[in-house]
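In: Here is the input, now give the coordinates:
(chains A and B)
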2 protein chains.
Amino acid sequence: MCAYTGHEVTFWLRSEGSIERTKPKIERYSSLMIADLEKAKTLVGNPMGAFMYPRGLIRDWNGLTAEDIDKLIEKGKENLKNNVAIEFDMAKAVKGADIVIESMSEDPKAKIGVYEAMKDLLDENTILCTNSSTMLPSTFAEYTGRPDRYCALHFANTIWKNNTAEVMGHPGTDPKVYDKVVEFADEINMIPLQLHKEQPGYILNSMLVPFLLAAQALWANEVADPHTIDRTWELATSAPAGPFKILDIIGLETCYNINQMNLDANIEGTTTYKINKLVKAIFDVLKMSATLERGISQRRKN
Amino acid sequence: MCAYTGHEVTFWLRSEGSIERTKPKIERYSSLMIADLEKAKTLVGNPMGAFMYPRGLIRDWNGLTAEDIDKLIEKGKENLKNNVAIEFDMAKAVKGADIVIESMSEDPKAKIGVYEAMKDLLDENTILCTNSSTMLPSTFAEYTGRPDRYCALHFANTIWKNNTAEVMGHPGTDPKVYDKVVEFADEINMIPLQLHKEQPGYILNSMLVPFLLAAQALWANEVADPHTIDRTWELATSAPAGPFKILDIIGLETCYNINQMNLDANIEGTTTYKINKLVKAIFDVLKMSATLERGISQRRKN
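Out: This next block holds a predicted model:
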């Protein structure tokens, strides 16, 4: 989204080996974005279009024509091609950056290691953000060398469609820095969602986790089946997707891991224990059948 | 809905005094239903119509014309007029009934009193249902004289639009009776939602309560404002209404009462305590301004 909106982007990678995973990812996301713009052309004139266009790629849907979208595609392709660089030298990668976004896996030690390696290389005014989904900026602020210019900027999945960015400071974040990050989120076509206090899980997961847990409890306790539970929610709230459809989007593995964070998850007889036993059973069946399918297609090839 | 779908309905009222509250209610609901059918005519040909038509009043929207709806209006008016009777003599009221639905306020003693007065008056085969939102049928089964022919049939608000009926037995409910109640729910244009175990709060409230509590906690703990919280939910899940919009529909008083059921609600410093302090403050302001408005319009009249 940074590159698409015309900002120069440098990916810093730890080693040249990572390039094999990163390059195809950049290409894949770039083509998904362009493909969604192509699809958006078919929505022009459709009254449902206003609900379905990729909000991150198109700032204003009102009165847009297919020709306008063609221009966005042309400009988008150009930006995605020209604005992205890959760098292995951290000093070169961060030099002159207005903003650096740390998007590592959720390993606190590894994050601290990178923050400590980076702190003396960053320009005086560079703002440092973490995209962590589960950790709090206050945990890391002291290691960044710039606690006042450090906060969380948290993105959703498929952000070119779900264009939300949750902005969350820690008690030491400078309010001016916070406002700049909110402004930046808007600049890259995100809808900034402001948190005024640190909150594990931000806004969305703070609601999603207890909601999904309650739905899974109804299922694990054999009160009703997932289809009935989804239907109840959808009919009562007019939502397009009930909790089990949302779980399907999130993925069973993530769902299992979230439930596992609950202290009850490993105590036999608790609802969370029952839930995760069921989730794991389904997950294992799916994994097994995927392995079988791969085996079959492999044999066909041979 | 029973009368609208062509079933003979008798309201049993405790005293003739209740008729002054009941008659206007029957008339009001009848005209709301007919008004929504009239509105539905304007939805014919609108692609959003399929999401907006009153599902309880129109079983099949597909290919429906304004003339078809006119016929439904005519038949509906006739049914609502001819199929509703009011009765004060309980024996006469329940005689020959296929199904009796208890819809009293949530006072267990009063419910037991009515069940005990009714049990020897009911026909052998009559099925008895409770519409209780918060209580379990097993609490009352022994007082009904027919535990095997007793279960919960729970309706939503504005059921001619939100046409769901949660069906929940207790361990002693005869499965054949349960199935008959599911069938009956379908007959009166409800979508039956089957619970296979007793569950306080049924399916919907079991999910809604923790979800709304989590949203209110974000607000009471000053993490984010209600508008941002709603927006986050709506953007992430494509739902038409976030938690605070849902709370507005439910009403502040109900919301306060639900929170009050939480044991923490009266312990200073807990999140539930903070939430209900805020809810009550808003509620008091609204009540005060309503009182003021009434006062002003009264003075104008004088």
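
In: The strand or helix carrying A:Asn257 packs against which elements?
Out: When secondary structure is defined using DSSP states H and E, the element that contains A:Asn257 is helix A:252-260. Identification of packing neighbours for helix A:252-260 by 3 or more Cβ pairs under 8 Å, 6 or more residues apart in numbering or on different chains; DSSP states H and E yields helix A:204-220, helix A:271-301. Glycine gets a C-beta too; all of them are placed from N, C-alpha and C.

In: Assumed A:Cys151 was part of a strand.
Out: Yes. A:Cys151 sits within a strand when classified using DSSP: H, G, I helix; E, B strand; the rest coil.

In: Which residue comes closest to it once chain neighbours are left out?
Out: With Cβ to Cβ, 6 or more residues apart in numbering or on different chains as the criterion, A:Cys151 has its nearest non-adjacent residue at 4.2 Å, and that residue is A:Gly169.

In: right, and that neighbour touches A:Arg149 too?
Out: No. With contacts counted by Cβ atoms under 8 Å, A:Gly169 stays clear of A:Arg149, the gap being 10.4 Å.

In: what do these two both touch?
Out: With contacts defined as Cβ atoms under 8 Å, 6 or more residues apart in numbering or on different chains, the residues shared by A:Gly169 and A:Arg149 are A:Val177.

In: If we go by neighbour counts, what in the helix holding A:Asn257 is buried?
Out: Neighbour-count burial for helix A:252-260, counted by 16 or more other Cβ atoms under 10 Å in any protein chain shown, picks out A:252, A:255-256, A:258-259.

In: Could you check the angle it makes with helix A:204-220?
Out: Angle, helix A:252-260 to helix A:204-220, by axes from the mean of the first three to the mean of the last three Cα atoms, to 10 degrees: 90 degrees.

In: Show me what helix A:252-260 is in contact with.
Out: With Cβ under 8 Å, 6+ apart, helix A:252-260 has contacts from A:209, A:212-213, A:216, A:247, A:265, A:272, A:275-276, A:279-280, A:282-283, A:286.

In: With stretch A:130-142 instead?
Out: Residues external to stretch A:130-142 that are found in contact with it (Cβ under 8 Å, 6+ apart): A:101-103, A:106, A:108, A:111-112, A:115, A:147, A:150-155, A:168-173, A:198, A:200-202, A:205.

In: can you give me the strands in chain A?
Out: With DSSP state E as the definition, chain A shows strands at residue ranges A:9-12, A:84-87, A:99-102, A:127-130, A:150-155, A:164-168, A:191-195.

In: Any chance of TSV for those, columns mean neighbour count?
Out: Rendered in TSV, the data for those read as follows (neighbours: other Cβ atoms under 10 Å in any protein chain shown):
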stretch	mean neighbour count
strand A:9-12	18
strand A:84-87	15
strand A:99-102	18
strand A:127-130	25
strand A:150-155	25
strand A:164-168	26
strand A:191-195	21
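
In: can you tell which of those strands is closest to A:Phe184?
Out: The closest of those to A:Phe184 is strand A:99-102. By Cβ to Cβ, the value is 6.0 Å.

In: The closest one pairs with which strands, and in what direction?
Out: Here strand A:99-102 has these sheet partners by DSSP bridges: strand A:127-130 (parallel).

In: pLDDT (mean, whole number) over the partner strand?
Out: Across strand A:127-130, the average pLDDT comes to 98.

In: and what of stretch A:46-64?
Out: Across stretch A:46-64, pLDDT averages out at 91.

In: what does it contact?
Out: Residues from elsewhere that reach stretch A:46-64, judged by Cβ under 8 Å, 6+ apart: A:1, A:4, A:33, A:36-37, A:40, A:43-44, A:69, A:72, A:76, A:159-163, A:189-191, B:47-48, B:238.

In: tell me which residues in that stretch are buried?
Out: Taking 16+ other Cβ under 10 Å as the neighbour-count basis, stretch A:46-64 is seen to contain the buried residues A:53-58, A:61, A:64.

In: now stretch A:193-205
Out: Neighbour counts using 16+ other Cβ under 10 Å place A:193-195, A:198-199, A:201-205 of stretch A:193-205 among the buried residues.

In: Just name the closest of the buried residues of helix A:252-260 to A:Leu13, please.
Out: Ranking those by separation from A:Leu13, with Cβ to Cβ as the measure, puts A:Ile258 on top at 28.4 Å.

In: Could you report the separation of the closest one from A:Glu222?
Out: When distance is defined by Cβ to Cβ, to the nearest Å, A:Ile258 is 22 Å away from A:Glu222.

In: now do A:Leu43
Out: Counting by Cβ to Cβ - A:Leu43 and A:Glu222 are separated by 42 Å.
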